[in-house]
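next one to model:
(one chain, ligands or ions: 1)
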Amino acid sequence: MTTSGKPVLYSYFRSSCSWRVRIALALKGVDYEIIPINLTKDGGQQFSEEFQTLNPMKQVPALKIDGIIIGQSLAIIEYLEETRPTPRLLPQDPKKRASVRMISDLIAAGIQPLQNLSVLKQVGEQNQLAWAQKAITSGFNALEQILQSTAGKYCVGDEVSMADLCLVPQVANAERFKVDLTPYATISHINKTLLALEAFQVSHPCRQPDTPVELRA
Ligand SMILES: N[C@@H](CCC(=O)N[C@@H](CS)C(=O)NCC(=O)O)C(=O)O
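I've put the predicted structure just below:
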């Protein structure tokens, strides 16, 4: 907490995992402060001693809330869901909830970590684009197929869920890595529908306190 008592989100404007949490906070109407952690400046502020005491994984996001600090975006979203249940981001129906968790994990464990900054650094500059494209297309091939049986207006039925909070930032990553989205009609359509919602807009990487001027919209 800051002296104002508001929750504090350690976030980087371009981080897809931070964006997931920003959407959840916006949807649930939580007033919070952002402390930007620049993942590229000075060799990466995530490696500073101060930040490592907050999140030993040296990754954003991390959320200080209710006297605790939580890392891992899905754990944060689940905590927000349990303590601030409205609007619901996990459906009541166990089968739908399983679908939401399946899609969230597909993205959060099966795609994003493979194209995360630290992995791309290991892959080397020349191979980064092809590597990221492969990780994303292989995940999106599976996701597009899964959505045929789960999607309504959004990833699972007609209510915005945690799966949607994972989808939109991952599509932004796909665009950044110049993935051809033509084969992913359902993913693209749901993404467009979600981007029209205010919570997805206010939390967008182009509207953050640490967004560089040239990327602001
Ligand atoms: N599983 C974690 C992943 C967090 C993560 O990968 N964060 C990225 C930004 S999206 C990061 O901080 N990367 C820093 C680095 O790779 O050095 C979560 O969901 O929060």
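
what degree of burial does residue 79 show, as a neighbour count?
Per other C-beta atoms under 10 Å, the neighbour tally for residue 79 reads 17. For every residue, glycine as well, the C-beta is placed using N, CA and C.

give me the nearest residue to it, chain neighbours excluded.
Nearest-residue entry for residue 79: residue 70, 5.7 Å, with adjacent residues in sequence omitted and distances by C-beta to C-beta, 6 or more residues apart in numbering.

do a quick rundown of the strands in the chain.
Counting by DSSP state E, the chain has strands at residues 8-11, 33-36, 62-65, 68-71.

near the ligand, which residues of the chain show up?
15-17, 39, 44, 46, 59-61, 72-74, 108, 116-118 (C-beta under 6 Å from any ligand atom).

list only buried entries from the residues you listed.
Listed as buried from these are 15-17, 39, 44, 46, 59-61, 72-74, 108, 116; burial here means 16 or more other C-beta atoms under 10 Å.

I'd like those as TSV, with pLDDT appended.
Shown next, in TSV, are these (pLDDT from 0 to 100):
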residue	pLDDT
15	98
16	98
17	98
39	97
44	97
46	98
59	98
60	98
61	98
72	98
73	98
74	98
108	98
116	96
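
which one of those residues is nearest residue 175?
Of all those, residue 175 sits closest to residue 16, with 11.2 Å by C-beta to C-beta.

who are the neighbours in contact with the closest one?
Taking C-beta atoms under 8 Å, 6 or more residues apart in numbering as the criterion, residue 16 is in contact with 112, 169-170, 172-173.

need the max-distance pair from those.
By the measure C-beta to C-beta, 112 and 172 form the most distant pair in the contacts of residue 16, at 11.3 Å.

can you verify my assumption that residue 203 contacts residue 22?
Yes. Assessed by C-beta atoms under 8 Å, residue 203 is found in contact with residue 22 at 3.5 Å.

these two - which one has more neighbours?
Higher neighbour count among residue 203 and residue 22: residue 22, with 27 against 23, using other C-beta under 10 Å.

about what we covered before: more crowded one of residue 112 and residue 172?
Neighbour count, other C-beta under 10 Å: between residue 112 and residue 172, residue 112 has more, with 23 against 18.

for that one, give me its contacts.
Going by C-beta under 8 Å, 6+ apart, residue 112 touches 16-17, 170, 173.

which among those gets closest to the ligand?
Ranked by distance to the ligand (C-beta to the nearest ligand atom), the contacts of residue 112 are led by residue 17 at 3.7 Å.

and the closest one, how far from residue 5?
In this structure, residue 17 and residue 5 are 25 Å apart, going by C-beta to C-beta, to the nearest Å.

cool, and residue 69?
According to C-beta to C-beta, residue 69 and residue 5 sit 15 Å apart.

of those two, who's got more company?
residue 69 (16 against 7).
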